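Engineer: sequence plus the predicted model coming up.
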Amino acid sequence: MSTGTFLIIDGNSLAHRAFHAIPLLSTSQGIITNAVYGFTNMLLKILAGQPTQMVAVCFDKGKITFRHSDYKEYKAHRKPTPDELRPQFPLLKELLRAMRIQTLEYENYEADDLIGTLVTQAEKAGLLNIILTGDQDALQLVSPQTKVLLTKKGITELEEYTEEKVQERFGINPASFADFKGLTGDQSDNIPGVPGIGPKTAASLLEKYGCLEKVLSHVAELPANQKEKIEPFASQAILSKQLATIVRDVPFPVELDKCRWSGPDYQELLTLFSKLEFKSLIRSITQQDKADKKHKQKREPENLFSRQAVEIDTYQVGYRQVDRPKDLERLVTAVRRAGRAALAVEGSRENGLAAAALAVMTNLKPGNEDLLEPRLQIFHLPLTTEKDKASLDALRTICLDQEIEKISHDGKNLIRILQASNISVNNLTFDTMIAAYLLNPGSPNHDLPDLALEHIGAVLPARGTGCLP
C-alpha cells in the first residue's frame, strides 16, 4: 500500500462530546439533532485541516466487553446514554454512509480496540495515522507514525499529542501509558489502580524501572511509604493495566483499502441534511457540488470539507498585516469612515498586548496600494517589538475615538489587556459574549468558536492558521 494519511475517529467519544457541547436541537418533526450537527461540524473541521486519503469511524458495539469478564465493576459508575442521544446514533451512521466513510464495530470490543488494531495494520502498511478522540487511553498508540488529537473543550478545540507531547505532559513514553494507568487507575473507567499512587510517583517509578511488572518485582527496594501502598495491591495493579491496555489484534474482517476515502455522495448528503434541517450545511454542499462539477482536478477533487465549504458566502473577506506608517494612516482613516470596527487582541493582563486585529466593513473605492478592497477587511497589527510603536499608536487612536463604535467578544478581558498597555477604549457598543449569555444563560460555554458553530454552522480554528489575531 502506498503511503498516505489515515484519519481514525472514535465515534462514541465524538458523539458524546458533541451532544454535551451543543444545546438540544430538533427539527420541525421533533427529531433531535444536536449530536449529529456537532459531530458533522467537527468532521468538517478535521477534514479541512488534515490532508486525508483514508478515513474510518469506530463505534462501541453494546455496553458489555471482554473487560467486564475480567472486572465486573469496569465502567460501572457510568451514567446510561441520555435518551436524547441514543436515537442519534443511527443518524450518525446514516451520515457516515452518505459521506462514504467506513464505519467499524465488533462484538465484545470497544472502539479503542478497533482503533488500536487499525493503527497497527496501518503502520505496517507505511501509513501516517491521526486518531481523533476524547479518550486519553488512545495516547498509548502514539508513535513516530501516529499522533492523537484529543478533544479539549467543547468540540472546537483539539490538542495534538506526539511522543514528545506525551512525555512532556505525563512524564512517560506512550508505550508505558497502560502501566501508568495500572498504578494511578482511571476514575472515568472505574479502573482501581493502586490507592495513594498519583501521576508523579507513577511516572517516576516507570522512568526508573520501565514497566509495571519490573516495579512490582523491585517493590522491596522502594521507599517504605511506596512499598506499603503498592505491595498489597500488586495483583490489582496488574489487573488495572490489563483493563487499560488497548487490544491491537481484534479479529474483524476489514481491509485497509476499504477505508480509502474519495469524498461524499452529495445527493445523499443533501437528502439527509434536508431531513435534519441543517440549512447552513445544505447551502455549503450545494455550492461545493457545483464547484466540483465545474472544476475537475487531476489530483484529489475538492470536497465538502475544504475551508470554503464552511465560510459564510456574504462578503469576500480580505486579510492583511499592517505595520508601515502609510498603511497605518490609511487604516485609521478607513475605520473612521466606516464608523465601526470589530476588535480582538492577543495578550495578557500581566504582559499587555502581543497583537491586535480589526475587522472593518467599508465602501471606499480601491486606489493605489489601497487597504480597502474587498469590502470586509481584517487587519492584523503585530505589537511585540519596539518597531511596532506606530501600530500601537494607531490602535490607541482608534480605541480612544468616541465616534467609532467598537464590537468585541469578552469586552471585559479586552479592556484589561488594553489597559496593561496603557490604552483605554471608548464607545464599546456591543459584546457578542454578553449577547450569547442573554440568549442562552444556561449554556456552560460562550466561546466564539462554539457560538459560530451553533448559530451559523461555521467552524473556526481555535489556534493556528486561520485564527486571529
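Structural biologist: It's in.
Engineer: okay, domains of this protein per the record?
Structural biologist: 5-174+246-259, 266-310, 317-456 (automatic domain parsing).
Engineer: can you lay out those as TSV showing mean pLDDT and mean neighbour count?
Structural biologist: No exception for glycine: its C-beta is placed from N, CA and C like everyone else's. Formatted as TSV, the domains of the chain follow (pLDDT from 0 to 100; neighbours: other C-beta atoms under 10 Å):
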stretch	mean pLDDT	mean neighbour count
domain 5-174+246-259	91	19
domain 266-310	65	16
domain 317-456	82	16
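Engineer: would you format these as a markdown table with distance to residue 208 included?
Structural biologist: Listed next are the domains of the chain as a markdown table, based on distance: least, C-beta to C-beta, whole Å:
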| stretch | distance to residue 208 |
| --- | --- |
| domain 5-174+246-259 | 11 |
| domain 266-310 | 46 |
| domain 317-456 | 38 |
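Engineer: spatially nearest residue to residue 109 (excluding sequence neighbours)?
Structural biologist: Among residues not flanking residue 109 along the chain, residue 250 sits closest, at 5.2 Å (C-beta to C-beta, 6 or more residues apart in numbering).
Engineer: would you agree the one you found falls within a strand?
Structural biologist: No: Residue 250: not assigned to a strand; according to DSSP: H, G, I helix; E, B strand; the rest coil it is coil.
Engineer: ok, it to residue 58 distance?
Structural biologist: Applying C-beta to C-beta, to the nearest Å, one obtains 10 Å for the distance of residue 250 from residue 58.
Engineer: shared neighbours, these two?
Structural biologist: residue 114 (C-beta atoms under 8 Å, 6 or more residues apart in numbering).
Engineer: that older thread, residue 197 is nearest to which of the domains of the chain?
Structural biologist: Of all these, domain 5-174+246-259 sits nearest to residue 197, with 13.5 Å by C-beta to C-beta.
Engineer: what's the following helix or strand after the helix or strand where residue 89 lies?
Structural biologist: Assigned by DSSP states H and E, residue 89 falls within helix 88-98. Note on helix 88-98: by DSSP H and E, the next helix or strand toward the C-terminus is strand 102-104.
Engineer: about what we covered before: what's the distance between the residue nearest to residue 109 and residue 113?
Structural biologist: With C-beta to C-beta as the criterion, residue 250 and residue 113 are 5 Å apart.
Engineer: could you tell me which residues touch both of these two?
Structural biologist: Joint contacts of residue 250 and residue 113 (C-beta under 8 Å, 6+ apart) are residue 106.
Engineer: about what we covered before: may I have the helix holding residue 89 as PDB, with CA atoms only?
Structural biologist: Written as PDB, here are the backbone C-alpha positions of helix 88-98 (Å, rounded to 0.1, in the frame of the first residue of the first chain):
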ATOM      1  CA  GLN A  88     -29.000   9.900  17.100                       C
ATOM      2  CA  PHE A  89     -26.500   7.100  16.600                       C
ATOM      3  CA  PRO A  90     -28.500   5.600  13.700                       C
ATOM      4  CA  LEU A  91     -28.500   9.100  12.200                       C
ATOM      5  CA  LEU A  92     -24.700   9.400  12.700                       C
ATOM      6  CA  LYS A  93     -24.200   6.100  10.800                       C
ATOM      7  CA  GLU A  94     -26.600   7.300   8.000                       C
ATOM      8  CA  LEU A  95     -24.500  10.500   7.800                       C
ATOM      9  CA  LEU A  96     -21.200   8.500   7.500                       C
ATOM     10  CA  ARG A  97     -22.700   6.300   4.800                       C
ATOM     11  CA  ALA A  98     -23.600   9.500   2.800                       C
END
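Engineer: now it: how far from the chain's centre is it?
Structural biologist: 20 Å (C-alpha atoms, centre = their mean, to the nearest Å).
Engineer: who are the packing partners of that helix?
Structural biologist: Helix 88-98 sits against helix 11-21, helix 34-49, strand 102-104, helix 266-276, with contacts defined as 3 or more C-beta pairs under 8 Å, 6 or more residues apart in numbering; DSSP states H and E.
Engineer: next, the contact list for the nearest residue to residue 282 once chain neighbours are set aside, please.
Structural biologist: With C-beta to C-beta, 6+ apart as the criterion, residue 282 has its nearest non-adjacent residue at 4.9 Å, and that residue is residue 273. Counting by C-beta under 8 Å, 6+ apart, residue 273 touches 281, 282, 285.
Engineer: re the thing from before, right, so of the helices and strands packed on helix 88-98, which gets closest to residue 435?
Structural biologist: Per C-beta to C-beta, nearest to residue 435 of these: helix 11-21, 19.2 Å.
Engineer: which stretches of the stretch 51-200 of the chain form helices?
Structural biologist: Using DSSP state H, counting those that start in this stretch, the helices found in the stretch 51-200 of the chain span residues 66-70, 88-98, 111-124, 163-170, 177-184, 199-209.
Engineer: CA atoms of whatever helix or strand residue 330 lives in as PDB?
Structural biologist: Using DSSP H and E, residue 330 falls within helix 325-338. Extracted C-alpha coordinates of helix 325-338, given in PDB (Å, rounded to 0.1, in the frame of the first residue of the first chain):
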ATOM      1  CA  PRO A 325       3.300  54.100   8.600                       C
ATOM      2  CA  LYS A 326       1.300  55.000   5.400                       C
ATOM      3  CA  ASP A 327      -0.800  51.900   5.800                       C
ATOM      4  CA  LEU A 328      -1.500  52.600   9.400                       C
ATOM      5  CA  GLU A 329      -2.700  56.100   8.500                       C
ATOM      6  CA  ARG A 330      -5.000  54.600   5.900                       C
ATOM      7  CA  LEU A 331      -6.300  52.100   8.400                       C
ATOM      8  CA  VAL A 332      -7.200  54.900  10.900                       C
ATOM      9  CA  THR A 333      -8.900  56.800   8.100                       C
ATOM     10  CA  ALA A 334     -10.800  53.600   7.000                       C
ATOM     11  CA  VAL A 335     -12.100  52.800  10.400                       C
ATOM     12  CA  ARG A 336     -13.200  56.400  11.000                       C
ATOM     13  CA  ARG A 337     -15.100  56.500   7.700                       C
ATOM     14  CA  ALA A 338     -16.700  53.100   8.400                       C
END
